[in-house]
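In: Fold the following.
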Amino acid sequence: MHFGFEREVQEERGWFSYLQGWCVHVADRLAYLDGIIQELKFCSNHMSEARLLVELRSGDAIVFVDSIIYFKAIREFEAEKLANLRLFLQASAAHPDRRMLFAARFNAM
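Out: Numbers count the residues shown, from 1 in each chain. Coordinates of the predicted model:
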């Protein structure tokens, strides 16, 4: 039984580590999206500088605004995902501690 409890603790720790890695991945994605949004805003606000980078046509300002809205929606979704992952991570952190406490009590018997 003791080894079974230890195995469960190891599995919980592995899951916890996976969640931490996923949080880092989503946070990196948020930073990437922030960069895209900033560049699009710059191009939208400074069309003359943007003309140097890309060939603009009439109506491209609307494309920039639509793109900004699109990437902001994705960013909001990713930010909500990160917040939920962090909540789940906090809840998951308690499980290995409880299992270790139970295993320690079981060993003391």
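In: Which parts of this protein are helices?
Out: When assigned using DSSP state H, the helices of the chain occupy the ranges 2-45, 47-53, 60-108.
In: packing partners for the last one?
Out: Spelled out, that is helix 60-108. When contacts are defined as 3 or more Cβ pairs under 8 Å, 6 or more residues apart in numbering; DSSP states H and E, helix 60-108 packs onto helix 2-45, helix 47-53. For glycine as for every other residue, the C-beta is placed from the backbone atoms N, C-alpha and C.
In: Quick one: mean pLDDT for the shortest one?
Out: It refers to helix 47-53. Helix 47-53 carries an average pLDDT of 63.
In: excluding its backbone neighbours, what's nearest the most centrally placed residue in the chain?
Out: For the chain, V26 is the residue whose C-alpha lies nearest the centre (Cα atoms, centre = their mean; 2.1 Å). Nearest residue to V26 in three dimensions, chain neighbours excluded: L82, at 4.5 Å (Cβ to Cβ, 6 or more residues apart in numbering).
In: gap between Q90 and Q20?
Out: With distances taken as Cβ to Cβ, to the nearest Å, Q90 is found 11 Å from Q20.
In: between the two, which one's more packed in?
Out: Using other Cβ atoms under 10 Å, the more surrounded residue of Q90 and Q20 is Q20, with 15 against 10.
In: Pull the contacting residues for the residue nearest to that one when sequence neighbours are not counted.
Out: Among residues not flanking Q20 along the chain, L89 sits closest, at 6.7 Å (Cβ to Cβ, 6+ apart). Applying Cβ atoms under 8 Å, 6 or more residues apart in numbering, we find L89 in contact with F16, L19, Q20, C23.
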